[in-house]
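Asker: Make a model of this:
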Amino acid sequence: MKIERLIGIITILLQQDKVTAPELAARFEVSRRTINRDIEAICKAGIPLITIQGFDGGISISDSYKIDKTLFTQDELQTILTGLKGIDSVSPGAYLSGIMEKLSSRERQIVVDDTMVIDLASHYHDALTHKISLIKKAVRCRRMISFQYYSEKGESQRRIEAYRLIFKWSSWYVFGYCHSRNDYRLFKLNRLWDLSVLEDHFVPREIPEKRLDFDAYFSSHTIHLKAIFTETERHRLIDEYGRDSYVPCEGGGLLFEWDFAGYQNMRQWILSFGDQVLVLEPEELRADIRRQSEKILQRYQET
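Answerer: The predicted structure is shown next:
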């Protein structure tokens, strides 16, 4: 397309001090005449091009329109490129190679530093990539989305105005205004299925600042857990909550205290330790574990 070719020509001219019309024609696989018309179109758009005829001639952009090649330090560029690699891991298209080409020049070739790898994908890579792509489209076009949502409260069909894609606490979420609840909600993508972008458009709402504090969605209604873990679980406590999350007990074991955002998450996490943990608080969880243990024992006695 012509617009893409024009942008491509401008990008090359920003990267290089000078380029010839035959080089551009070969690069974009068009005739010299087409390149000449493109150059005229760029000049009409207000970008000053300088054309020098003869030996060592070529086309260049006036210095006032040059992008300063020292705009980013090497460390800043590596940080940007590392972030782009992470985005590429959950994107159907690769942004990294295109950005590298635009930032590189004859004098400054950009090389990706492989000392740090960020992979935002998960076990559901294909489904996750598809969901992110659809939600990005919906956010850009201001179109409603609908999906089936699975939570500890059951299944429900939701229809929302999507405003943000969020990666937090190792999971992806979509933030939007839910028409089923008439309020802003945060939905976990791994619990969200049968996603579709609807034809219905919406007018963006003025989102209250406090509703954009996404930490609040994870920290409201906290439940305090107090438990003693066996020494064998030290590595898991350190891995998930840090070395300062527990203190050694005089009689053996590790005393752990933490505030959880939700009961079900806390319950599932504790149950994953089996008999390697003794819950002290809350009493509700202690009673729940006793009931769960009796059900498990009864099931195995019956088979």
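Asker: all contacts plus neighbour counts: C-alpha atoms, from now on.
Answerer: OK.
Asker: Quick one: low-confidence residue ranges for the stretch 101-250 of the chain.
Answerer: Within the stretch 101-250 of the chain, the set of residues satisfying pLDDT under 70 comprises 101-113, 122-125, 219-221.
Asker: mind running it again at 50?
Answerer: Under the criterion pLDDT under 50, no range of the stretch 101-250 of the chain is flagged.
Asker: Can you tell me which residue is spatially central in this protein?
Answerer: In the chain, the residue lying closest to the centroid (C-alpha atoms, centre = their mean) is F167, at 4.9 Å.
Asker: Tell me the secondary structure at that one.
Answerer: strand (DSSP: H, G, I helix; E, B strand; the rest coil).
Asker: From T20, how far out is the most far-flung residue of the chain relative to its centre?
Answerer: The outermost residue of the chain relative to its centre, with distances by C-alpha atoms, centre = their mean, is G54 at 50.7 Å. Separation of G54 from T20 (C-alpha to C-alpha, to the nearest Å) stands at 11 Å.
Asker: One more: I3?
Answerer: Counting by C-alpha to C-alpha, the gap from I3 to T20 is 20 Å.
Asker: same thing with Y177?
Answerer: 53 Å.
Asker: Those two: which is more packed in?
Answerer: Y177 (20 against 15; other C-alpha atoms under 10 Å).
Asker: Which of the helices or strands spans the more buried one?
Answerer: For Y177, the element it lies in under DSSP states H and E is strand 171-178.
Asker: can you pull the buried residues of whichever helix or strand comes after that strand?
Answerer: Using DSSP H and E, the next helix or strand after strand 171-178 towards the C-terminus is strand 183-188. Along strand 183-188, these residues count as buried under the neighbour rule (16 or more other C-alpha atoms under 10 Å): 184-188.
Asker: What helices and strands are in contact with strand 183-188?
Answerer: Packing contacts for strand 183-188, counted by 3 or more C-alpha pairs under 8 Å, 6 or more residues apart in numbering; DSSP states H and E, involve strand 171-178.
Asker: strand partners of the helix or strand where V197 lies, parallel vs antiparallel please.
Answerer: Element membership for V197, per DSSP H and E: strand 192-201. Its sheet considered, strand 192-201 pairs with strand 143-151 (antiparallel) by DSSP bridges.
Asker: the inter-axis angle of the helix or strand harbouring V139 versus strand 143-151?
Answerer: Take DSSP H and E as the rule and V139 turns out to sit in helix 125-141. Per axes from the mean of the first three to the mean of the last three C-alpha atoms, to 10 degrees, the angle that helix 125-141 makes with strand 143-151 is 140 degrees.
Asker: any residues touching helix 125-141, and which ones?
Answerer: Outside helix 125-141, the residues within contact range by C-alpha atoms under 8 Å, 6 or more residues apart in numbering are 90-92, 121-122, 144-145, 162-165, 174, 189-190, 195-197, 201.
Asker: same thing with stretch 270-281?
Answerer: 224-230, 232-233, 285-286, 289.
Asker: End to end on it, go ahead and measure it.
Answerer: 12 Å.
Asker: Mind checking the pLDDT average for it?
Answerer: In this model, stretch 270-281 has a mean pLDDT of 95.
Asker: Show me what counts as buried in it.
Answerer: Going by 16+ other C-alpha under 10 Å, stretch 270-281 has these buried residues: 270, 277-279.
Asker: tell me the two of those that are most distant?
Answerer: I270 and L278 (9.1 Å; C-alpha to C-alpha).
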